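S.K.: following is a predicted model, sequence given first.
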Protein chains: 4
Amino acid sequence: MDCGEPVYQVRLKPGMSVGDLVEELGRAGAYNAGALYRAVNIYEHMLRDQKATRFFGLAGAMVPAGMGGIITDLIEKGYIDVLVSTGANCVHDIIEALGCHRYHGTSSCSDIELRRLSINRIYDVFLPDESFTRFEEFIQGTLHDLSSDSVFTIAGLLSALGKKLPSGILATAEKKNIPVFSPAFQDSMLGLQYWLFTQTHHAVLDAAGDMKDLLDRCFNADHAGAFFVGGGVPKNFILQSMLLTPKGFDYAIQLTGDRPDLGGLSGATLDEARSWGKLAEDAVSVTVYGDATITLPLLVAATLERLSHD
Amino acid sequence: MDCGEPVYQVRLKPGMSVGDLVEELGRAGAYNAGALYRAVNIYEHMLRDQKATRFFGLAGAMVPAGMGGIITDLIEKGYIDVLVSTGANCVHDIIEALGCHRYHGTSSCSDIELRRLSINRIYDVFLPDESFTRFEEFIQGTLHDLSSDSVFTIAGLLSALGKKLPSGILATAEKKNIPVFSPAFQDSMLGLQYWLFTQTHHAVLDAAGDMKDLLDRCFNADHAGAFFVGGGVPKNFILQSMLLTPKGFDYAIQLTGDRPDLGGLSGATLDEARSWGKLAEDAVSVTVYGDATITLPLLVAATLERLSHD
Amino acid sequence: MDCGEPVYQVRLKPGMSVGDLVEELGRAGAYNAGALYRAVNIYEHMLRDQKATRFFGLAGAMVPAGMGGIITDLIEKGYIDVLVSTGANCVHDIIEALGCHRYHGTSSCSDIELRRLSINRIYDVFLPDESFTRFEEFIQGTLHDLSSDSVFTIAGLLSALGKKLPSGILATAEKKNIPVFSPAFQDSMLGLQYWLFTQTHHAVLDAAGDMKDLLDRCFNADHAGAFFVGGGVPKNFILQSMLLTPKGFDYAIQLTGDRPDLGGLSGATLDEARSWGKLAEDAVSVTVYGDATITLPLLVAATLERLSHD
Amino acid sequence: MDCGEPVYQVRLKPGMSVGDLVEELGRAGAYNAGALYRAVNIYEHMLRDQKATRFFGLAGAMVPAGMGGIITDLIEKGYIDVLVSTGANCVHDIIEALGCHRYHGTSSCSDIELRRLSINRIYDVFLPDESFTRFEEFIQGTLHDLSSDSVFTIAGLLSALGKKLPSGILATAEKKNIPVFSPAFQDSMLGLQYWLFTQTHHAVLDAAGDMKDLLDRCFNADHAGAFFVGGGVPKNFILQSMLLTPKGFDYAIQLTGDRPDLGGLSGATLDEARSWGKLAEDAVSVTVYGDATITLPLLVAATLERLSHD
């Protein structure tokens, strides 16, 4: 067996760039630091590949944790061609775009006391109830304006919402004409608001109405790359869409805090996806285990630095 | 501060019942063993409460791991009033009911070789491609029979499928008139099959069409209990449905392999759900961390043993 | 590739024995449930093998969680030939044997308040300071009685302590003439007490003085089996001791809550140990991931049930 | 309840410094990214505090993963006053200093094949057997030179080894007169080599012989700070040493991949340590969960950048 490069001991310099740090992690090359370095290599390759369609799956409470800005900027730069998100990340993107805030809180507190103060908690992030009042007004208003339609698709609704927002993921995706899919749309405050709307308006949300668009993008991709933050519905929806094509993904990166031995898709290795044909046999892929609030900014900043060297 | 009961050292007897084992874990009372014991207490209470509506959220690849039999039996015994499942668990339930099998495999293998052998892998479970052929025939046939309808709901489709199956979760739920919700239906082989069907038939799957039924059950519940295997869409969908009512869940049990510090809902504590009002202030709740293929059978067997003492 | 047995859906019966439950888990055969079943197979084989020397590594705060009774009983039954423990588990075994208790507490509390109440916390277990007063008297008294010696070994000290105790791991090991090794002895309250003793007495604790005994047991084992609860020093010390022999372990079982991708020994797979020659090439081994307060009682109760069928 | 700062959405710039990235993570402020930012704040404070004695606990297979260079440089800069390490990290530091290498390998391989090739595996790091041959010669040679002594301490032995090495942790600690403690010394290749030496030489390794030195440093610390990479023996040994003093640690940072609910010390929160009095009531402390091969370089690089601004 051929032993590869030696493990070098990491050397840090004050003021070093994120890219330089990741180079050091690559010279060390072990465990998740090594995986992160390989993820930067793959992401650089994926973003430089002009023939690649880049799918991005966004799961986990990432926008409430401030990671939405990274997604927005990737869309703005043209580095995301198709976004699949949980409903909750769309909800929080809208709340942010409406000028409401989540706040630095703590996970060591009385949730009963928070309840009495009308503050909702997401681990150590606090979200006041009033955000949802603004959210409700915005959603109901937008739906009302749309109400001459009677059959909606989820991607269509998200696009309509993006049109009305000044900034953020949905607004930027709309501006750049990037579709946003969210197959579990009902499973979010957006879904609840939509349901409220249907109590007074006749409308149908066609659950499968936007699948053709996604599948067409899979069929039409010369090369296909997938970037998964978390697992959940976005990961599976992206992977399964490729199943109907004769191809598989050529590039795949996964940032997850889950673990493989529990059998769930969120922690499953990308190798497993090869057995299904979701990844091509010769795909380059890597999983970085850890909290994506750390690994995502590291990975993206280092990749952008490389691309800026052109 | 009042110190509680002493931690007793566990004593095991050959041939002891599962219930006796859990009593020993309760006398020890620490870490996840103590949590499991408290979960049995809560579950016994929830199942004995004649006024309680019991919601069950099923996430993770549980049916492929053989946990579907437990869910089927809980439905059969009248211990589940509302089931919310991932699409994938419904898919595997159907495959099982059609007489196809998954097989004991290994996680240490070549996924490329598996691909060439038409075997799909879920961690250490192997699933031959031929299962999906049978699955496709069944789904397309059923949809064809239904095709005089033009607007479906997800719960309605799952009910129609359950009617045609001889056994399993969907069949038993249908027999017992228990609704099965699956908000991320599209995100599964069921969703892909449905989409294929719509290529040749005019049909609309109304994503929010069954939400009223679920919300009514939340409103009408005198007491409400929630049992979550894994997190994901089923957990959130059940919890958010209670948000529209003035109440919260009175009982809640969560079996999860995730962890809270990553901020995702799947690993979030049930205390966090109190800040949102999803759980009542005085709700009894517990999270047991670990692989549900171990904790679920333990918990259910011990609870059934207690109930059998009547 | 040969697909193995089908995954059967688990069926639970009220009052079923722990052994019957584990048989059901084995028929399901997936994820950690399947691993637990295989662990019972291996442990049964290891305990039936008359030529096997059984090493047991005990790490993690297991005695404070009530798991010490299981270890005591395994020693009593002759199922442990060599015990390697963290110092802390020995400390808590002594405290228990002295009649002091830990108590059922909670992990959601003010540690500052606990401090003011002289209560020490181990996750959700509370331990009053007064236990340590009794512990100190006992240790200092015992050391004083031994003080004609001037060079101690760790195993020798633990044996001397076991002689004076009425029950528990150390007492039973002493009664059954089973050596207890604890290489990180200083790293515990025992170590602090020993150090206090040396402030007024001349004594030397020979860190390597008992290694010959352990290594001899490795050399003399016709067959060798290892059971690891947690990782840490006990796991490594047992595995490394086999390195000096031409053989490796023939059986190995590991219960751990850690994960492999972080590179630490505690989460490392037992396959990795084969590359070092710590396990024999043809060893049977399995890792069950999860909280050992659940997996240890399950595994041992099921194995004892099988052995009782003779 | 006072909501804190808003969660800002992270913005990344190509070429940004590691310190700038961590500022962005702090503005987001959530989950482990927020914790990492707070860790940098605490570490900066600890390193600027001229009255602080800084203890550093090093567990996990960190030197084999290339993290040893960071520790070496921290010692060189005067930022570590007391080091407590696992034996294994000392072993790998020596191997590195002797010019031997570990190599970039893979975790997906045949360990039996590796065994036949005399390659040892640590997750995805490969270590050829020949390194241990060089190691053995060096250790035996050094011990032989020392053999006029008859009673050694562990810190004394590590110091003697450091004197003979050209570079690395032990060499730099020796040069800077920083003590290195390793209470589980026997539980490592160093321990095995020491034992081999005692087969032909009369020597005693006094397990508690260096505790006075460590305890004196605890007593004499005006302020005390602790930095823990991983848990294990180093974490406990540092924390327990403070128990004999009337004080507790004033600063504490922990990077761990473990989790609290399993009860083990490695995953225990630093709050728990307050109940024992190991941390002062008003100590500032933080735990960052994740792989230390990522979090350690990030944290240290960002802290050095801040210190360089003076």
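M.R.: Right, received. Where do you want to start? As the structure is a computational prediction, the values presented were derived from the model and not from experiment.
S.K.: list the contacts for A:Ala190?
M.R.: Ala isn't right for residue A:190; it's Leu. For A:Leu190, the contact set (Cβ atoms under 8 Å, 6 or more residues apart in numbering or on different chains) comprises A:Gly87, A:Cys90, A:Val91, A:Ile94, A:Ile139, A:Leu157, A:Ser182. C-betas here are computed from N, CA, C, even on glycine.
S.K.: now swap in A:Glu76 and tell me
M.R.: Applying Cβ under 8 Å, 6+ apart, the residues near A:Glu76 are A:Thr172, A:Lys176.
S.K.: picking that back up, which of the contacts of A:Leu190 sit farthest apart?
M.R.: Greatest spatial distance among these (Cβ to Cβ): A:Ile139 and A:Ser182, at 13.9 Å.
S.K.: can you name the residues that contact the residue nearest to A:Tyr8 when sequence neighbours are not counted?
M.R.: Take A:Tyr8 and drop its neighbours on the chain: the residue closest to it by Cβ to Cβ, 6 or more residues apart in numbering or on different chains is A:Arg27, 4.0 Å away. Residues in contact with A:Arg27 (Cβ under 8 Å, 6+ apart) are A:Glu5, A:Val7, A:Tyr8, A:Val10, D:Gly66.
S.K.: what do you get for A:Ser131?
M.R.: A:Ser131 neighbours (Cβ under 8 Å, 6+ apart): A:Ile95, A:Leu98, A:Cys100, A:His101, A:Arg102.
S.K.: sorry, back to before: farthest-separated two in the contacts of A:Arg27?
M.R.: A:Glu5 and A:Val10 (14.0 Å).
S.K.: in terms of neighbours, single out the busier of those two.
M.R.: A:Val10 (27 against 11; other Cβ atoms under 10 Å in any protein chain shown).
S.K.: and the stretch 201-310 of chain A, which residues reach chain C?
M.R.: Contact residues, the stretch 201-310 of chain A versus chain C (Cβ under 8 Å from any Cβ of the partner chain): A:Arg259, A:Asp261, A:Leu262, A:Gly263, A:Tyr289.
S.K.: check the secondary structure at A:Val22 for me.
M.R.: helix (DSSP: H, G, I helix; E, B strand; the rest coil).
S.K.: now it: how far from D:Met62?
M.R.: For A:Val22, the distance to D:Met62 (Cβ to Cβ, to the nearest Å) stands at 18 Å.
S.K.: follow-up on the earlier one: go through the contacts of A:Leu190 and flag which are in helices.
M.R.: Among the contacts of A:Leu190, the members falling in helices are A:Gly87, A:Cys90, A:Val91, A:Ile94, A:Ile139, A:Leu157 (criterion: DSSP state H).
S.K.: neighbour count added to those, as a markdown table?
M.R.: Converted to a markdown table, the ones in helices among the contacts of A:Leu190 look like this (neighbours: other Cβ atoms under 10 Å in any protein chain shown):
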| residue | neighbour count |
| --- | --- |
| A:Gly87 | 28 |
| A:Cys90 | 28 |
| A:Val91 | 24 |
| A:Ile94 | 28 |
| A:Ile139 | 23 |
| A:Leu157 | 24 |
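S.K.: show me what from the stretch 151-300 of chain A comes close to chain D.
M.R.: A:Asp271, A:Tyr289, A:Gly290, A:Asp291, A:Thr293, A:Ile294, A:Thr295, A:Pro297, A:Leu298, A:Val300.
S.K.: quick one: the fifth one and D:Gly29 touch, right?
M.R.: In this case it means A:Thr293. No. In this structure, A:Thr293 is not within contact of D:Gly29 by Cβ atoms under 8 Å, at 9.5 Å.
S.K.: any shared contact partners between those two?
M.R.: By the contact definition Cβ under 8 Å, 6+ apart, A:Thr293 and D:Gly29 are jointly contacted by A:Gly66.
S.K.: more neighbours, these two?
M.R.: Neighbour count, other Cβ under 10 Å: between A:Thr293 and D:Gly29, A:Thr293 has more, with 30 against 25.
S.K.: and that one, what element?
M.R.: Assigned by DSSP states H and E, A:Thr293 belongs to helix A:292-307.
S.K.: do the lowest-mean-pLDDT helix or strand in chain A and chain B meet?
M.R.: Between all helices and strands in chain A, the lowest mean by mean pLDDT, DSSP states H and E belongs to strand A:151-153, at a mean of 91. Yes. Strand A:151-153 reaches chain B (Cβ under 8 Å from any Cβ) through A:Val151.
S.K.: do the same with stretch A:95-111
M.R.: Yes. Counting by Cβ under 8 Å from any Cβ, chain B is contacted by stretch A:95-111 at A:Ser107, A:Asp111.
S.K.: buried residues, that stretch. List them.
M.R.: Neighbour-count burial for stretch A:95-111 flags A:95-98, A:100-105, A:107, A:109, A:111 (criterion: 16 or more other Cβ atoms under 10 Å in any protein chain shown).
S.K.: again with stretch A:39-46
M.R.: Buried residues in stretch A:39-46 (16+ other Cβ under 10 Å): A:Ala39, A:Val40, A:Asn41, A:Ile42, A:Tyr43, A:Glu44, A:Met46.
S.K.: could you dump those residues to JSON lines with distance to B:Gln199?
M.R.: Putting these into JSON lines (distance: Cβ to Cβ, whole Å) gives the following:
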{"residue": "A:Ala39", "distance to B:Gln199": "37"}
{"residue": "A:Val40", "distance to B:Gln199": "40"}
{"residue": "A:Asn41", "distance to B:Gln199": "39"}
{"residue": "A:Ile42", "distance to B:Gln199": "34"}
{"residue": "A:Tyr43", "distance to B:Gln199": "35"}
{"residue": "A:Glu44", "distance to B:Gln199": "38"}
{"residue": "A:Met46", "distance to B:Gln199": "31"}
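S.K.: as JSON lines, those residues with pLDDT would be great.
M.R.: What follows is those, written out as JSON lines (pLDDT from 0 to 100):
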{"residue": "A:Ala39", "pLDDT": "98"}
{"residue": "A:Val40", "pLDDT": "98"}
{"residue": "A:Asn41", "pLDDT": "98"}
{"residue": "A:Ile42", "pLDDT": "98"}
{"residue": "A:Tyr43", "pLDDT": "98"}
{"residue": "A:Glu44", "pLDDT": "98"}
{"residue": "A:Met46", "pLDDT": "98"}
